[in-house]
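Q: could you work out the structure for the sequence below:
(2 chains)
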Amino acid sequence: MKILVTVKRVEDYESKIKVKPDNSWIVTEGVNYRANPFDEIAVEESLRLRDANAPSEVVAVSIGGAAAQAEIRSALAMGADRGILVKHDGFLDSDAVARLLQKVIEKEKPELVLMGKQAVDVDDNVTGQLLAEYLGWGQATFASKKESLESAEEKAKKPGLRLGADKKSVQVAREVDGGLEVLEVQLPAIVTVDLRLNVPRYASLPNIMKAKKKPIEEMAPAALGVDVSAKVKVVRVEAPPARAAGIKVPDVATLVKKLHEDAKVI
Amino acid sequence: MAKILLVAEQAHGHLKKATLSALSAAKQLAQKNGGQIEAVVIGAGAGQSAQELAAFVSAVHTVEGAAFEHALAETHAAAAAEAAKKIGATDVVLAATAYGKDVAPRIAAKLGAGIASDILAVVTASQFKRAMWAGNAIATVEVTSSRLHRRAPMRETSSRSASLRRQRRRSSSSSTR
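A: Numbering: from 1, shown residues only, chains lettered A, B, ... in the order given. Okay, the predicted model is just below:
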């Protein structure tokens, strides 16, 4: 089977995020970039599914500037078979990304698409769902699993998604408010993954070298016939309000009074 | 006139508490665009949940039936989008729960609308504040054409505005009366 997996180039979550003085965006100079961590979990899951269901192929797709090649290479170094870069410089809203991915998927015709539930830059958490609707496919968001990340299944790198015997459906344990819910989705389908699905592997040095030889195809939004104008624009970016210093109160009566009158919580 | 559609979240005839947060966000939006709020309740027990909601909105629509028994994004989004079209909604509001996050983007895609997710505050009728970079930056986003929002009431961020919080408390206390 063919599995398509997305990899977005995002600011490293360990970098300090600072807002630009003119409030137009964040400061990008001196910030490290890496693959979106949720996407790495999706890549890991796609590799496990591929290896458990040979013959299969994993295609890693990224949308972004030329620099996003690095994130595709990191997916290839983890083990993906080939890459696709839809080249676009500048901001794209999630809706445009979903419509671009729709076109790539219509060309590639994968049976399963795995994506991170959100990218850790804009934190939208909508692209997978939009994409599923545009394609008219079923979806399973927030994929997780019942086994813990310390379990024997995880150590044996077993896939958390259970493919049906006829490979026409997949069972997904979803993280919902207050527990896990197991859905069976007909393929082709979009699955967006949550944090507790697996622990992504590190790329080994030989695999990093091998990844350099794997092909990356480039596509342009115009060639895909997609108008990438945004439905959602970012008009201003601000730093979050600084947290006010705490105070000490002399006794319980004052505390209750302050909670009631100032904080208005009781 | 602007019309706001609130997509309620319920299970077995009981509204989920998060619906009240979405309601307070809808009310703030109504203050900005002078709109009227109508609600749609989907799934088994929708009729009963609708009664609970009736006092707070100008009209409640219900969608019941075997196809909507499970809270699946595919069916529920289709029903909500249908309701939005029927009443001519300019905005659709959901709570940013697992359900809202699952369903809202599919409604947006069906309506060709932009979506602002996890909003923290309503700035104008088309601008909303939301957290990005895990709360390290607060962005104001502008949603063009028809709009769709979902709000994150339960997000524990320092950026949550006091006025939103108060409004939420008012609406939840009035529901227990």
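Q: and the gap between the residue nearest the centre of chain A and A:I105?
A: With distances taken as CA atoms, centre = their mean, the residue of chain A nearest its centroid is A:G116 (2.3 Å). Per CB to CB, to the nearest Å, A:G116 is found 16 Å from A:I105. (Each C-beta comes from the backbone N, C-alpha and C, glycine too.)
Q: then A:V86?
A: For A:V86 relative to A:I105 (CB to CB), the value is 12 Å.
Q: which one of these two is surrounded by more residues?
A: A:V86 (24 against 20; other CB atoms under 10 Å in any protein chain shown).
Q: doesn't that one fall inside a strand?
A: Yes: A:V86 sits within a strand when classified using DSSP: H, G, I helix; E, B strand; the rest coil.
Q: where do the strands sit along the chain?
A: Going with chain A. Using DSSP state E, the strands found in chain A span residues A:2-6, A:9-11, A:33-35, A:57-64, A:82-87, A:112-116, A:138-144, A:162-163, A:169-176, A:179-186, A:189-193, A:216-219, A:232-238.
Q: please go with chain B instead
A: For chain B, the strands defined by DSSP E occupy B:3-7, B:10-11, B:14-15, B:36-42, B:59-63, B:91-95, B:114-122, B:127-132, B:137-143, B:147-151.
Q: pLDDT below threshold where in chain B?
A: B:145-147, B:150-177 (pLDDT under 70).
Q: my guess is B:A109 contacts A:E133, does it?
A: Yes: assessed by CB atoms under 8 Å, B:A109 is found in contact with A:E133 at 3.6 Å.
Q: list the buried residues for stretch B:122-134?
A: B:122-123, B:125-133 (16 or more other CB atoms under 10 Å in any protein chain shown).
Q: residue of the stretch 151-266 of chain A closest to chain B, please.
A: Proximity of the stretch 151-266 of chain A to chain B (CB to the nearest CB) peaks at A:K231, 3.2 Å away.
Q: partner residues bridging the residue lying closest to that residue once chain neighbours are set aside?
A: Using CB to CB, 6 or more residues apart in numbering or on different chains and skipping residues adjacent in sequence, the residue nearest A:K231 is B:G114, 3.2 Å away. Residues in a beta bridge with B:G114, per DSSP bridges, are B:R147.
Q: isn't B:G114 up against A:A96?
A: No: using CB under 8 Å, B:G114 makes no contact with A:A96, being 10.6 Å away.
Q: in chain A, where is pLDDT below threshold?
A: In chain A (pLDDT under 70), no residue qualifies.
Q: and stretch A:179-188, how far from the chain's centre?
A: Centroid displacement of stretch A:179-188 relative to its chain, using CA atoms, centre = their mean, to the nearest Å, is 18 Å.
Q: show me the contact partners of that stretch.
A: A:110-113, A:135, A:137-140, A:144, A:146, A:164, A:167-174, A:191, B:72 (CB atoms under 8 Å, 6 or more residues apart in numbering or on different chains).
Q: which among the residues you listed end up buried?
A: Judged by 16+ other CB under 10 Å, buried ones among those: A:110-113, A:135, A:137-140, A:144, A:169-170, A:172-174, A:191, B:72.
Q: about what we covered before: mutual contacts of A:V86 and A:I105, please.
A: Common neighbours of A:V86 and A:I105 (CB under 8 Å, 6+ apart) do not exist.
Q: what does the stretch 101-250 of chain A put close to chain B?
A: A:120-130, A:132-134, A:138-139, A:141-142, A:174-177, A:183, A:230-241, A:243 (CB under 8 Å from any CB of the partner chain).
Q: recalculate using a threshold of 6 Å.
A: A:122-126, A:129-130, A:133-134, A:139, A:141, A:176-177, A:231-238, A:240, A:243 (CB under 6 Å from any CB of the partner chain).
Q: quick one: buried ones out of those?
A: For those, buried by 16+ other CB under 10 Å: A:122-126, A:129-130, A:133-134, A:139, A:141, A:176, A:231-234, A:236-237, A:240.
Q: which residue of chain B sits farthest from its center?
A: B:N136 (24.9 Å).
Q: next, give phi and psi for that one.
A: Here is the backbone geometry of B:N136 (degrees, to the nearest 10): phi -80, psi -10.
Q: returning to that earlier point: distance of the residue nearest to A:K231 from A:D95?
A: Applying CB to CB to B:G114 and A:D95 gives a distance of 7 Å.
Q: quickly list what's touching both of these two.
A: A:K231 (CB atoms under 6 Å, 6 or more residues apart in numbering or on different chains).
Q: which residue ranges of chain A form helices?
A: A:37-52, A:69-78, A:94-108, A:127-135, A:152-155, A:205-211, A:252-261 (DSSP state H).
Q: point out the most buried one among those.
A: helix A:127-135 (a mean of 26; mean count of other CB atoms under 10 Å in any protein chain shown).
Q: ok, which residues in chain B are in contact with chain A?
A: Those residues of chain B that sit near chain A, judged by CB under 6 Å from any CB, are B:73, B:97-98, B:101-102, B:105-106, B:109, B:114-115, B:117, B:132-133, B:136-144, B:158-159.
Q: what subset of those is buried?
A: Counted by 16+ other CB under 10 Å, these give B:73, B:97-98, B:101-102, B:105-106, B:109, B:114-115, B:117, B:132-133, B:136-143, B:159 as buried.
Q: phi, psi of A:V126?
A: The phi/psi pair for A:V126 (degrees, to the nearest 10) is phi -130, psi -20.
Q: I'd assumed B:P105 was in contact with it.
A: Yes: assessed by CB atoms under 6 Å, A:V126 is found in contact with B:P105 at 4.0 Å.
Q: mutual contacts of these two, please.
A: Joint contacts of A:V126 and B:P105 (CB under 6 Å, 6+ apart) are B:I115.
Q: any chance you could list what contacts stretch A:124-138?
A: With CB under 6 Å, 6+ apart, stretch A:124-138 has contacts from A:94, A:97-98, A:101-102, A:115, A:117-118, A:139, A:185-186, A:188-190, A:192, B:101, B:105-106, B:109, B:115, B:117.
Q: for A:L161, give me its contacts.
A: By CB under 6 Å, 6+ apart, the neighbours of A:L161 are A:170, A:172.
Q: one more time with 10 Å
A: Listed by CB atoms under 10 Å, 6 or more residues apart in numbering or on different chains, the contact set of A:L161 reads A:45-46, A:48-49, A:52, A:112, A:114, A:140, A:143, A:145, A:170-173, A:185, A:189, A:191, A:193, A:197-198.
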